[in-house]
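*Asks:* Show me the folded form of this:
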Amino acid sequence: MRYLKRFVLMIQFLTTLPIRTKLNVTAEDFGKGLVFAPIIGLLIGGILAGAWYVLAMMFPSTVTAVLIIILYIVLTGGLHLDGLGDTFDGLYSNRSRERMLEIMRDSRVGTNAVLAVIAVLLLNTALLASFNKSDIFIIILLMPVAGRIGSLVGSGVSSYARSGEGLGKSFIDFCGGKEIIAGIVPYLVIFYLSAGIQGLMLSIIPPVCAFILIKMFSRKIGGATGDLLGAVCELNQTIFLLSAFLIIKFMGGMA
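*Replies:* I've put the predicted structure just below:
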């Protein structure tokens, strides 16, 4: 039952899907529950792929891509985009470590946050509109999976940066190597069943990039936070789209 509880918890936390079940959870449930992050990504991707199928019958690819990005934001509540903005506001403020952490917790939005979020959304939209019809459904399906493996890896290889409490602390403190392995297995299966050998090749990139990003970011503030995990998730999705585009361009389609 605890695994089912953690799975439902991750749906409630990582999406806006209307699951109103009240759960009695602990901080450990958040960290251990991250093993389900790739499955939650698959759920989000399935909804987005279905929406693309319907919307593409009515609109050109560029408009469809914009609508899919909007739907993605609605489905996730902008959770990870908020982390992306806070991360860039704080880490690239050229302040002390303590001041960076304060800026990241500040609810006000700075220039760096706006620029980072706009850049990621524009690039994601342009890339989605660039894939052909035979590949786009697999790409949309896998995009959120690639993003959420980043949050899992980022949590599992980090220590918490703040001295006090925070929701990110629950993920980072209770997610480790065992959780990464448990989450990587379904992640690899999803990629292989969706895109075969090319999918497995592509699946290597997001975890590696997540490791590099979280280490690069955490070096600035002496650890990771929930905002950093959100930023890694969003950047991982963009890196996945770029990688998929290049692999398809030079090696052929995914389907």
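
*Asks:* how about stretch 240-251: buried residues?
*Replies:* For stretch 240-251, the neighbour count (16 or more other Cβ atoms under 10 Å) marks 240, 241, 243, 244, 245, 247, 248 as buried. Bear in mind the C-beta positions are built from the backbone N, C-alpha and C, glycine included.

*Asks:* so the second one touches residue 139, yeah?
*Replies:* Pointing back at residue 241 there. Yes: look at residue 241 against residue 139 with Cβ atoms under 8 Å: they come within range, at 7.0 Å.

*Asks:* Find residues that contact each of these two.
*Replies:* Listed as contacting both residue 241 and residue 139 by Cβ atoms under 8 Å, 6 or more residues apart in numbering are residue 128.

*Asks:* okay, and for the protein, where does confidence drop off?
*Replies:* Applying pLDDT under 70 to the chain picks out residues 253-255.

*Asks:* what about residue 222, neighbour count?
*Replies:* Residues within reach of residue 222, counting by other Cβ atoms under 10 Å, total 13.

*Asks:* Downstream of the host helix or strand of residue 196, the next helix or strand is which one?
*Replies:* Secondary structure from DSSP states H and E places residue 196 in helix 177-203. Proceeding N to C from helix 177-203, the next assigned helix or strand is helix 205-221, under DSSP H and E.

*Asks:* could you give the angle of that next one to helix 177-203?
*Replies:* 120 degrees (axes from the mean of the first three to the mean of the last three Cα atoms, to 10 degrees).

*Asks:* what's the helix or strand just after helix 205-221 packed up against?
*Replies:* Of the helices and strands lying after helix 205-221 in sequence (DSSP H and E), the nearest is helix 226-251. Helix 226-251 sits against helix 79-91, helix 111-130, helix 133-156, helix 167-174, helix 177-203, helix 205-221, with contacts defined as 3 or more Cβ pairs under 8 Å, 6 or more residues apart in numbering; DSSP states H and E.

*Asks:* hmm, try it at 6 Å
*Replies:* Applying 3 or more Cβ pairs under 6 Å, 6 or more residues apart in numbering; DSSP states H and E, one finds that helix 226-251 contacts helix 79-91, helix 111-130, helix 133-156, helix 205-221.

*Asks:* for the helix holding residue 196, packing partners?
*Replies:* Helix 177-203 packs on helix 37-55, helix 133-156, going by 3+ Cβ pairs under 6 Å, 6+ apart.

*Asks:* Thanks a lot, catch you later.
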